[in-house]
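J.: return atomic coordinates for the entry below.
(3 chains)
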Amino acid sequence: MSTLELRGATKRYKKDTVVDNVSFQVAHGETLVLFGPSGAGKTVLLRMVAGVVELDEGAVFIDGHDMHDTEAEDRGVGMAFQNFALFPHMSAFDNIASPLTVGANSKQVIKAGVEKVASLLKIDHVLSHAPRELSNGQKQRTALARALAASPPLLLLDDPLRNVDAKLRFEMRLELPQLLEKQGATVIYVTQDYKEAMALGDRIAVLDEGRIQQIGTPEAIYLTPHTIDIARLFGDPVINLFDVVGQRDEQGTYVELSGQRLALNEDKAACIDTDSVLGVRPESILFVPEGTVNAIPISIEAETPLNEKVVTLALTEGSREILISRPAGTDAPSSGQAYVSIDQSALMLFNKNTGVAIGESHDAKNSDGVAA
Amino acid sequence: MQHHQSKLETVLRALALTLVVLFFMFPIFWILLMSLQTNETILRVPPSVVFEPTLANYKGIITGRLETSAASLEINFLGNLWNSIFLSVTSVTLALVLGVPAAYAFARLKFKGSEDIAFTLLSFRFAPPLLVLLPLTLYFQQMGLADTYIGLIWVYQLICLPLILWIVRGYFEDISPDIENAYRIAGHSWFATFRKIALPLAGPGIAAAGLLAFIFAWNNFIFALVLASADKQPVTVGALAFITASGIQYGQIAAAVIMSITPTLALALYAQKYLVEGLSLGAVKG
Amino acid sequence: MSQALLNIENVDKIYGTAASGIYAVKGLSMAVQRGEIVSLLGSSGCGKTSTLRMIAGFEDITNGQISIAGKAINNLAPVKRNVAMAFEGYSLYPPLTIGDNIAFALKATKLSAADVKTKVAEIAEMLEISDILDSYPSSVSGGQQQRASLGRALIRDADLHLLDEPMGQLEPQLRALLRGRIKHYIREKGLTAILVTHDQAEANALSDRIAVMEDGYLQQFESPLVLKNQPANLFTGTFIGEPPMNVFNASVTQDSDQVRFQLDENVSLNYNISEFTESVIQAAIKHESIVIGVRPYAVKRSNNGVNVTVLVNQWLGDQTHIAAELAGQSIVLVEHDRAFDKTGETISVQLTPDSLHLFDRHSGAAISHGTVMA
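T.: Numbers count the residues shown, from 1 in each chain, chains lettered A, B, ... in the order given. The predicted model follows:
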């Protein structure tokens, strides 16, 4: 296990700043997920840590040592690539053995090392195959095995599940944490899939336009996203957003949606008389019978099943679109008029102009956050 | 209905291809025929394809004695052939040794002015050889390089180096940098990565570039004509010896041509798979 | 007149000669009714794209017949089939703006310029591309090009709309919304649509019925609900559903009052005979070695079920996925609430008789679904 720290890491290509003053720390044995849309700078950041991309400014510390003068081959990290990057002219065995052939390892030691990691990843039967003879799933496992072979204390995984099919991706998502646990490595995991990020990360660093937008536990990011953009990046279907203006009366702060009052906690008082955006996750909206208190009338446009959920697209009276998600198998109308109510404990509020969240735990951007 | 059409298509396509092949192969075929005839049968009027084949031309070239109707002449065509082989092989080898690492550097290290340098090197191929030949001759005479193998090999780099540099560079660029990154991160040095990953993966491209450079070097005429004297001349220049005072020895020229194209033809046929692959994956790429 | 709009009868597609060629589609028969949304779903090479291309007319039909609106189209040129298509590679005309691309198919109709403009604006708004109507395809993102291509197909008034991987490149944030809008649009206009996709989420979301294909054969052609609850064979059972169905090899024995599914030497699932129907038990015993399938959401916690050890617990915001060890394999549970079970903890789960799908291990054919024979 290693610790990793980035201080003010910056990379420019011509005039584009692809990584902009990024700082964070990763503790021993922690898994940090770098999450963001394509072009956010995740991959460049990971390559900086690996030592194959040079920093224009800032520094990378592994176990407290500045890596500025340490070449990639001397950093002792393992890395798996999105496109697998297997050596096409070598067998799976030689691919996996490549981190072990450095130094004076005997043939037996290398063979034992490869076989151990290959059996862990269930690819022992294809070790003699060339990469082009492997299925996509086997390629991906070979790439992982190569990264793990030398038991590196710091493991960099660059979207390793992106190029495998959905079923395999799901299987590996469940298998990976067990594998990483056995390795006991500190892990940086890059992904564009929010589910992978939430499932695998002890903490998630949300990257966009080369900057860290928020860093925190999956809970913190899903439940209290720092900006509208982050809220939109997490969750499927996407969060509902409604333009609102905060109001106040003797009962407290509230906003109105479709003529219904939605009470807000006092920490959201900053929205009063301010153009704001109300964020409601689709799963926080429930179908209710007609006549329920605070029920919002809707007309259903379409029902689209999604995995073990059913997503309903509906229009409110003001013709605002609203997405509602419920577990499959639960009863709800599939067309026509219906009523919903909103779980008020799950409301999010953002300033419309800045896009920044209003309310508790959004004050500090805590981009230097350290794992507990 | 459709099957009929596709059969007709096949026949037509085969016919068209045969015509094209005949058109391009005819000169070579004709030369082959000429090489098996004496000058008399070649020059008879009207010409005829019926003749009694003779190996006299080949024999004359190999023994080095050129028998014409007027006189007999010493000729050193085998020496020319040896010169061609020596010059081409050494030039290409040198160009590979210099060009492949340079191509790798141009492909992987984007340093200031790298594009300009690479382009300047390519531009050597644009300039007409005659333009550089005159000053070059003067320089070479001053430096004592005129009429030496070293001088010729040096000049041949003008032909080989840009070719190899540009084709091989494209090939290196086609290798995903991540494949090399992966090997380095696995703990191997820069040089080991070049040797174990980049070189083998660019292998077909390097072979193609080398082959092409060999053919260009082999076919060169003008540099050798000006810079080399008789004992250093390759076949392209050596063939001039068959234009004698007593006439042009068509039969022997043909035999010499056949002998001189045989090595390159054999090489090209052997390596044509690499050639196509190497060229299409390398420099041609947009 | 209950005649199907699209009729595919015994269609083969062979590339190469009949003797040595490659079968892309084998003996395909299916009918699509007017107003239906149907998906051809399968992994690459399953024959779905060949089928679509035969319907569109870009591929000859080797054997069999395809008819649209009662008219055989085998020898009809693509342009005469009255079919609109959105291509996987978008195929937008580069010299035309996005707006002109979408309007292109309407040029041939007798619509006035103003009407065309209104229709384009309407569809652009639905697909969230109003702001790029004046841009050229090369200057917009892949997702935007895909939406434009979809718009160009959907705006047309055609008998049949063929959509080839129509939403694969869509921005994830737009996916759920656009699926809803497009489904609504197709319904409202009464269009008949055939989607080709490898993404079952897309097929499930949009389709009335899904044709699951594999290896050139149609495996099952049913509504998403039927595919989930009554898969015809092990392939469809494990192919449909995210996360995939849990499967265990088992052998079946029967005591006086118990039916026993032995998963390995130590673990068996035991049920009172009264919980099952007699025919199901008899069928299962007759097959001897079977495969038991259980959908992840059907695995419920209980106080007196089977004990399993938690391997991993992953919270995804609105779902919890738990993998646990059962008989040396992993069994996956999906819960809609947050669960806090830690790795290594033991939990008790219940596999109720009505959640079990039984398949023959050799042929893969379904034996029963719950207490009902397949």
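J.: buried residues, the helix or strand harbouring A:G113. List them.
T.: Here A:G113 sits within helix A:107-120, counting by DSSP states H and E. By 16 or more other CB atoms under 10 Å in any protein chain shown, the buried positions in helix A:107-120 come out as A:110, A:113-114, A:117-118, A:120. Where C-beta positions appear, they are placed from N, C-alpha and C, glycine not excepted.
J.: export the residues you listed to CSV and tack on pLDDT?
T.: Output for the buried residues of helix A:107-120, formatted as CSV (pLDDT from 0 to 100):
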residue, pLDDT
A:I110, 94
A:G113, 92
A:V114, 95
A:V117, 92
A:A118, 93
A:L120, 87
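J.: check the residues you listed and tell me the two furthest apart.
T.: A:I110 and A:L120 (16.1 Å; CB to CB).
J.: hmm, the helix holding A:G113 in reach of chain C?
T.: No: Helix A:107-120 is not in contact with chain C by CB under 8 Å from any CB of the partner chain; minimum separation 14.5 Å.
J.: could you export stretch A:265-282 as CSV, CA atoms only?
T.: Output of stretch A:265-282 as CSV, limited to C-alpha atoms (Å, rounded to 0.1, in the frame of the first residue of the first chain):
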residue,chain,number,x,y,z
ASN,A,265,-35.2,23.4,5.9
GLU,A,266,-33.9,26.6,7.3
ASP,A,267,-30.5,26.1,5.9
LYS,A,268,-31.9,26.7,2.5
ALA,A,269,-33.2,30.2,3.3
ALA,A,270,-30.7,31.7,0.9
CYS,A,271,-33.1,30.8,-1.9
ILE,A,272,-35.7,33.3,-0.7
ASP,A,273,-36.5,35.8,-3.5
THR,A,274,-33.7,34.3,-5.5
ASP,A,275,-33.9,32.5,-8.8
SER,A,276,-33.3,28.9,-7.8
VAL,A,277,-33.4,25.4,-9.2
LEU,A,278,-35.1,22.7,-7.3
GLY,A,279,-33.6,19.2,-7.8
VAL,A,280,-35.7,16.1,-7.2
ARG,A,281,-34.4,12.7,-7.9
PRO,A,282,-36.8,10.5,-9.9
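J.: give the rounded mean pLDDT of it.
T.: If you average the pLDDT over stretch A:265-282, you get 90.
J.: for chain B, what are the nearby residues on the stretch 51-200 of chain C?
T.: Taking CB under 8 Å from any CB, the part of the stretch 51-200 of chain C that reaches chain B is made up of C:D60.
J.: where do the strands sit along the stretch 51-200 of chain C?
T.: All strands of the stretch 51-200 of chain C, identified by DSSP state E, counting those that start in this stretch, fall at C:63-68, C:71-72, C:83-86, C:160-164, C:193-197.
J.: export these as a markdown table, with columns for mean neighbour count, distance to C:P94 and mean pLDDT.
T.: Formatted as a markdown table, the strands of the stretch 51-200 of chain C follow (neighbours: other CB atoms under 10 Å in any protein chain shown; distance: least, CB to CB, whole Å; pLDDT from 0 to 100):
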| stretch | mean neighbour count | distance to C:P94 | mean pLDDT |
| --- | --- | --- | --- |
| strand C:63-68 | 18 | 31 | 95 |
| strand C:71-72 | 13 | 34 | 92 |
| strand C:83-86 | 23 | 17 | 93 |
| strand C:160-164 | 24 | 19 | 95 |
| strand C:193-197 | 25 | 24 | 96 |
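J.: for chain A, which of those strands is the nearest?
T.: Taking CB to the nearest CB, strand C:193-197 is the member of the strands of the stretch 51-200 of chain C nearest to chain A, at 11.7 Å.
J.: show me what the helix or strand just after the closest one is packed against.
T.: Of the helices and strands lying after strand C:193-197 in sequence (DSSP H and E), the nearest is helix C:200-206. Judged by 3 or more CB pairs under 8 Å, 6 or more residues apart in numbering or on different chains; DSSP states H and E, helix C:200-206 is in contact with strand A:296-306, strand C:37-41, helix C:172-189, strand C:193-197, strand C:209-214.
J.: now tabulate those in a markdown table and tack on distance to C:P95.
T.: Shown next, in a markdown table, are the helices and strands packed on helix C:200-206 (distance: least, CB to CB, whole Å):
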| stretch | distance to C:P95 |
| --- | --- |
| strand A:296-306 | 35 |
| strand C:37-41 | 32 |
| helix C:172-189 | 27 |
| strand C:193-197 | 28 |
| strand C:209-214 | 37 |
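J.: list the buried ones in stretch A:248-264?
T.: A:253-255, A:257-258, A:260, A:262, A:264.
J.: residues contacting residue 221?
T.: Going with chain A. For A:I221, the contacting residues are A:198, A:204, A:206, A:214, A:230, A:234, by CB atoms under 8 Å, 6 or more residues apart in numbering or on different chains.
J.: let's do chain B instead
T.: With CB under 8 Å, 6+ apart, B:F221 has these contacts: B:236-237.
J.: and if you look at B:F23?
T.: So B:F23 contacts nothing (CB under 8 Å, 6+ apart).
J.: pretty sure it sits in a helix.
T.: Yes: judged by DSSP: H, G, I helix; E, B strand; the rest coil, B:F23 forms part of a helix.
J.: all helices of chain B, in order?
T.: Under the criterion DSSP state H, helices of chain B are mapped to B:2-35, B:39-43, B:56-63, B:77-108, B:114-123, B:129-143, B:149-174, B:177-185, B:190-193, B:199-219, B:222-227, B:235-238, B:250-270, B:272-281.
J.: export these as JSON lines, with columns for distance to A:N21.
T.: Putting those into JSON lines (distance: least, CB to CB, whole Å) gives the following:
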{"stretch": "helix B:2-35", "distance to A:N21": "63"}
{"stretch": "helix B:39-43", "distance to A:N21": "82"}
{"stretch": "helix B:56-63", "distance to A:N21": "76"}
{"stretch": "helix B:77-108", "distance to A:N21": "28"}
{"stretch": "helix B:114-123", "distance to A:N21": "29"}
{"stretch": "helix B:129-143", "distance to A:N21": "53"}
{"stretch": "helix B:149-174", "distance to A:N21": "31"}
{"stretch": "helix B:177-185", "distance to A:N21": "24"}
{"stretch": "helix B:190-193", "distance to A:N21": "29"}
{"stretch": "helix B:199-219", "distance to A:N21": "37"}
{"stretch": "helix B:222-227", "distance to A:N21": "57"}
{"stretch": "helix B:235-238", "distance to A:N21": "63"}
{"stretch": "helix B:250-270", "distance to A:N21": "57"}
{"stretch": "helix B:272-281", "distance to A:N21": "40"}
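J.: what lines up beside whatever helix or strand C:A31 lives in in the sheet?
T.: Here C:A31 is covered by strand C:22-32, with elements defined by DSSP H and E. Sheet partners assigned to strand C:22-32 using DSSP bridges are listed as strand C:6-15 (antiparallel).
J.: can you dump the C-alpha coordinates of the partner strand into CSV?
T.: Provided in CSV are the C-alpha atoms of strand C:6-15 (Å, rounded to 0.1, in the frame of the first residue of the first chain):
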residue,chain,number,x,y,z
LEU,C,6,-44.7,-6.3,-41.7
ASN,C,7,-44.5,-10.0,-42.4
ILE,C,8,-41.3,-11.9,-42.4
GLU,C,9,-41.8,-15.5,-43.6
ASN,C,10,-39.1,-18.1,-43.4
VAL,C,11,-36.3,-15.8,-44.3
ASP,C,12,-32.7,-16.9,-44.6
LYS,C,13,-29.8,-14.6,-45.2
ILE,C,14,-26.7,-16.4,-46.5
TYR,C,15,-23.5,-14.5,-47.4
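J.: done for today, thanks.
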